[in-house]
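> Quick one, structure for this:
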Amino acid sequence: MNAFMPSLRRVNVLYTLVQLTYWAAFAAFAGYQTALLLGRGFSSGDAGVFAAIRCLAGIFAQPLLGGWADRHPQVPLKRILCVCLGLGLAVNAVLYCTRPGFWGSALIFLALGVLDLNLYPLLDSMAVQFINAGLDVNYSLGRGLGSFSYAVACVLLGRQSAAFGTESVLLTHMALLMLLMIIITVYPTFPAEALPPREHGPRSHSIFQILRGNPPFSLMLAAVFCGMTAVMPIVSFMVNIVSDRGGGTSHLGVALFLMGASELPAALLFPYLWRRLGSQGMMVLSVAFMAVKPLLFLLAPSLVWVLLVQPIQMLGYGLFTPASVYYANENVSPADRVRGQAIMMMASNGLGGMMGNLIAGFAIDLGGVNAMLALCTAIGALGLLLALAAVRLSRDRA
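Modelled structure (predicted):
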């Protein structure tokens, strides 16, 4: 172990606090953005466009930030994160204090996608740096507790929204961003002594070079894109699903809690499943349940069944989050690992989230909630086929 490394306990505790705070902040915005927009007079289609713009921002920002971090390893990741979060805090203040129209709101969502809501690849890389250096950071537990934090925040924010209005959730979001900046500031800086000498280290590659040189990785990215296109609209338009099945605003927080809380058992199961299935098998399993989830919601006849179906998140997105981090880390060169994490998030929460939210919003306006869920099921099935093809191609190449 490198003598300059911080203690494992300190890294684990502070990284868990980072995950707890970030995902609570994410819940405060992403979990209630549709309710906020509908309350400001926008349609479901408009909400889908804004959510897609937010994801689109990540498509461009994540690989750029990741590539810059790979080329400048001497700049601590936490410094990049704090700068982005500080700017994101200012944009959140503008959103709270103003009531912009369509294009103004679109610009704000674009900025938030770059500066705030799409920063988790860099957060993941903060742990991966230490893991690659030999420190046994418990990433899956920290991420699972982050999901539980998301779930608890959704319930508390639901009560806050009912008592003080949905707009008040933006204030909580800003307070959590400030807390996150403080935690990241005291998080251990990866020691410069553990970095490889720049003149001897391998150079990072462009996105095109990474994708062209690794067809199985590229095919798995396509599978992830379809899986996330299928599952992300359920999160963004949960308020529509709950309403369509006979629920009200008070039930939204409960539904989101059950969904988020189910990811914690996935984090606890992940180390065992990873040893048994490997990162490739975990990716196939998670994409399979991403396809199953919208089908189960489509078949749910009432609000009670919607709530009972929520734990399926455990085997879908719950497993995907840690599995994707390990899969990207194992399937790109060491010089491209930060960018590799960014590409994975770009294909999943970026492109997948953008396309899913965009088509889902219009599908609801044109054919209702069931039309949206049927479309998501079909896209998810395609993702499963692509994931199986990626594993087969990888084995053939091996």
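> How far off centre is the helix or strand harbouring Leu258?
Taking DSSP states H and E as the criterion, Leu258 maps to helix 249-261. Chain-centre distance of helix 249-261: 18 Å, with CA atoms, centre = their mean, to the nearest Å.
> That one: which residues count as buried?
For helix 249-261, burial by neighbour count (16 or more other CB atoms under 10 Å) applies to 251-261. Glycine gets a C-beta too; all of them are placed from N, C-alpha and C.
> swap in stretch 233-252?
Here stretch 233-252 shows 233-245, 247, 251-252 as buried, counting by 16+ other CB under 10 Å.
> quick one: contacts of stretch 241-258?
27, 31, 35, 150-152, 154-159, 161-162, 234-235, 238-239, 297, 300-303, 305-307, 310-311, 368-370, 373 (CB atoms under 8 Å, 6 or more residues apart in numbering).
> hey, C-alpha coordinates of that stretch in CSV?
Taking Å, rounded to 0.1, in the frame of the first residue of the first chain, the C-alpha atoms of stretch 241-258 are listed here in CSV:
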residue,chain,number,x,y,z
ILE,A,241,-48.3,6.8,-13.4
VAL,A,242,-49.4,7.3,-9.9
SER,A,243,-52.2,9.7,-11.0
ASP,A,244,-53.3,7.3,-13.8
ARG,A,245,-53.6,4.4,-11.3
GLY,A,246,-55.8,6.4,-8.9
GLY,A,247,-53.2,8.0,-6.6
GLY,A,248,-52.5,11.6,-5.7
THR,A,249,-49.6,13.9,-4.9
SER,A,250,-49.2,12.4,-1.4
HIS,A,251,-48.5,9.0,-2.9
LEU,A,252,-45.6,10.2,-5.1
GLY,A,253,-43.2,10.3,-2.3
VAL,A,254,-44.1,6.8,-1.1
ALA,A,255,-43.7,5.4,-4.6
LEU,A,256,-40.3,7.0,-5.0
PHE,A,257,-39.3,5.9,-1.6
LEU,A,258,-40.1,2.2,-2.4
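> so for that stretch, what's the average pLDDT?
In this model, stretch 241-258 carries a mean pLDDT of 79.
> OK, contacts around the closest residue to Pro233 other than its chain neighbours?
Take Pro233 and drop its neighbours on the chain: the residue closest to it by CB to CB, 6 or more residues apart in numbering is Ala360, 3.3 Å away. Under the criterion of CB under 8 Å, 6+ apart, the neighbours of Ala360 are 48, 233, 236-237, 372, 375-376.
> For the residues you listed, which two are the farthest from each other?
Ser236 and Leu375 (14.1 Å; CB to CB).
> if we can go back for a sec, quick one: mark the members of the contacts of stretch 241-258 that sit in helices.
27, 35, 150-152, 154-159, 161-162, 234-235, 238-239, 297, 303, 305-307, 369-370, 373 (DSSP state H).
> of those residues, buried ones?
By neighbour count, with 16+ other CB under 10 Å, the ones in helices among the contacts of stretch 241-258 hold 27, 35, 150-152, 154-158, 161, 234-235, 238-239, 297, 303, 306-307, 369, 373 as buried.
> three-state assignment of Thr166?
When classified by DSSP: H, G, I helix; E, B strand; the rest coil, Thr166 comes out as coil.
> Could you check how many residues crowd around it?
Neighbours of Thr166 under the rule other CB atoms under 10 Å: 21.
> again, but for Val186
Val186 has 10 nearby residues by other CB under 10 Å.
> That one against Leu14, yeah?
Yes. Using CB atoms under 8 Å, Val186 is in contact with Leu14, at 6.7 Å.
> what comes up buried for whichever strand or helix holds the residue nearest to Pro233?
Following DSSP H and E, the helix or strand that holds Ala360 is helix 353-367. Within helix 353-367, the residues that count as buried by 16+ other CB under 10 Å are 353-364.
> ditto for stretch 284-304
When burial is assessed from 16+ other CB under 10 Å, stretch 284-304 yields the following buried residues: 284-298, 300, 303.
> Same question for stretch 213-223.
For stretch 213-223, a neighbour-count test (16+ other CB under 10 Å) marks 214, 216-223 as buried.
> cool, and stretch 59-69?
59, 61-63, 65-67, 69.
> From the residues you listed, pick the one nearest Leu179.
Leu65 (21.8 Å).
> so what's that closest one up against?
Contacts of Leu65 (CB under 8 Å, 6+ apart): 80, 84, 121-122, 342.
> tell me the mean pLDDT for stretch 362-375?
Stretch 362-375 comes out at a mean pLDDT of 89.
> what's next to it, contact-wise?
Applying CB under 8 Å, 6+ apart, the set of residues contacting stretch 362-375 from outside is 43-45, 48, 233-234, 237, 240-241, 244, 294-295, 297-298, 359-360.
> which two from these end up farthest apart in space?
Spanning the widest gap among the contacts of stretch 362-375 are Ser43 and Leu295, at 26.3 Å by CB to CB.
> just for the stretch 251-398 of the chain, where's the confidence low?
335, 338, 398 (pLDDT under 70).
> ugh, wrong one, the stretch 51-200 of the chain
Looking at the stretch 51-200 of the chain by pLDDT under 70, you get 63, 192-200.
> How about the secondary structure of Pro6?
Classification of Pro6 using three-state DSSP returns coil.
> Ala52 versus the residue positioned nearest the centre of the chain, what's the distance?
In the chain, the C-alpha nearest the mean C-alpha coordinate belongs to Asn349, at 5.5 Å (CA atoms, centre = their mean). As for Asn349, its distance to Ala52 is 12 Å (criterion: CB to CB, to the nearest Å).
> show me the contacts for Glu263.
For Glu263, the contacting residues are 144, 147-148, 150-151, 313-314, 317-318, 321, by CB under 8 Å, 6+ apart.
> Any chance of CSV for these, columns distance to Leu95 and secondary structure?
Shown next, in CSV, are the contacts of Glu263 (distance: CB to CB, whole Å; DSSP: H, G, I helix; E, B strand; the rest coil):
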residue, distance to Leu95, secondary structure
Gly144, 30, helix
Ser147, 25, helix
Phe148, 27, helix
Tyr150, 21, helix
Ala151, 24, helix
Gln313, 28, helix
Met314, 33, helix
Tyr317, 26, helix
Gly318, 30, helix
Thr321, 27, helix
